[in-house]
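> Show me how the following folds:
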Amino acid sequence: MKVLIIEDEPFAQQELKRLLGKLNVEIEILEMIDTVEDSVEWLKSNPAPDLVFLDIQLADGLSFEIFKQVKIEVPVIFTTAFDEYAIQAFRLNSIDYLMKPIKINDLKNAMAKFEAMKKQFAVQEPVNLGITPEQLQSLLQLGKPEYKSRFVAKVGDQIKYVPVGEVAYFYAEDNVVFMVSIKNDRYIIEHSIEELENLVDPKDFFRLNRSFLAHIGSINKVYKYMSSRLKIELKPETEKEVLVSRARVSEFMEWMER
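Sure thing, here's the model as predicted:
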């Protein structure tokens, strides 16, 4: 089975690849693409895959834009952080959708649907499982996903809410995730860094590395560092050294310039 993954988060790419490997199915991942532009180019230049895993929000826009530029006649499984109400419009025209973070059982069920569909249509004409123009227009009008406006944290035996606008950054340490406010207040929250990436607006927050997710307002200074990496000075200051890997430097600089 030849699979194309269209997903703009490197961690999510690797996690999906890992989960697919656990299903004991012969799968060849043809490519992992992170933008609408590159997806359109790839789909126009290569033979069609057997299955596409398609994230909704890519680095350069909503993935529904792909359907406006190239005809997709292969099964699609959406991966998304959208709330379920936003999914209803296209549920009937895709095999399934998987809410992030993807669970192995959900992926297994989605692949079972794909196998059942393949058998059903094995001796029939190819079936177009793409999105109709009317549904595409409806999807595009859904707009951007709603991100969290505040977070709830425990302070002793009290519960406190913190507006997103007051958050400087999140960081993980010893399997605990902390939220740091612009006033340097620290709170323990019940979300992983991976989950937080999908809960905050990517225009404002960037995943600097495995441990830090920072607001643009917390970026105090940026230094060139050895091995083509960047060293980030955050405010409030951190005890740990915060580095951006060489692979993410270009993406980080583009984010800084938005």
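
> Could you list the low-pLDDT ranges of the stretch 51-200 of the chain?
The stretch 51-200 of the chain contains residues with pLDDT under 70 at 82-93, 120-145.

> what are the ranges of the helices in it?
64-69, 104-120, 133-140, 193-199 (DSSP state H, counting those that start in this stretch).

> for the stretch 51-200 of the chain, what spans make up the strands?
51-55, 57-58, 61-62, 76-80, 96-99, 150-155, 158-163, 167-173, 176-181, 186-189 (DSSP state E, counting those that start in this stretch).

> before we move on, the earlier item: can you redo the helices of the stretch 51-200 of the chain as JSON lines with distance to Ile159 and mean neighbour count?
Heads up, the C-betas are built off the backbone N, CA and C, glycines and all. Shown next, in JSON lines, are the helices of the stretch 51-200 of the chain (distance: least, CB to CB, whole Å; neighbours: other CB atoms under 10 Å):
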{"stretch": "helix 64-69", "distance to Ile159": "38", "mean neighbour count": "18"}
{"stretch": "helix 104-120", "distance to Ile159": "31", "mean neighbour count": "14"}
{"stretch": "helix 133-140", "distance to Ile159": "37", "mean neighbour count": "14"}
{"stretch": "helix 193-199", "distance to Ile159": "18", "mean neighbour count": "18"}
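
> can you tell which of those is closest to Ser227?
Set against Ser227 and scored by CB to CB, the helices of the stretch 51-200 of the chain come closest in helix 193-199, at 22.9 Å.

> now the helix or strand just after the closest one: how far from the chain's centre is it?
Once helix 193-199 ends, the next helix or strand along the chain (criterion: DSSP states H and E) is strand 205-207. How far strand 205-207 lies from its chain's middle: 12 Å, per CA atoms, centre = their mean, to the nearest Å.

> Spit out the contact partners of the closest residue to Ser181 other than its chain neighbours.
Once flanking residues are discounted, Ser181 sits nearest to Glu166: 5.1 Å by CB to CB, 6 or more residues apart in numbering. Taking CB atoms under 8 Å, 6 or more residues apart in numbering, we find Glu166 in contact with 181-183.

> just to revisit the earlier point, can the helices of the stretch 51-200 of the chain go into JSON lines with extra columns for distance to Tyr171?
What follows is those, written out as JSON lines (distance: least, CB to CB, whole Å):
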{"stretch": "helix 64-69", "distance to Tyr171": "34"}
{"stretch": "helix 104-120", "distance to Tyr171": "28"}
{"stretch": "helix 133-140", "distance to Tyr171": "35"}
{"stretch": "helix 193-199", "distance to Tyr171": "8"}
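
> Those helices: which one's closest to Phe205?
helix 193-199 (7.6 Å).

> Comparing the strands of the stretch 51-200 of the chain, which comes out most buried?
Most buried of the strands of the stretch 51-200 of the chain, by mean neighbour count (mean count of other CB atoms under 10 Å): strand 51-55, with a mean of 24.

> who's in contact with that one?
Residues contacting strand 51-55 (CB under 8 Å, 6+ apart): 1-9, 12, 16, 63, 66, 72, 74-80, 114.

> now do 7 Å
1, 3-8, 16, 63, 72, 74-80, 114 (CB atoms under 7 Å, 6 or more residues apart in numbering).
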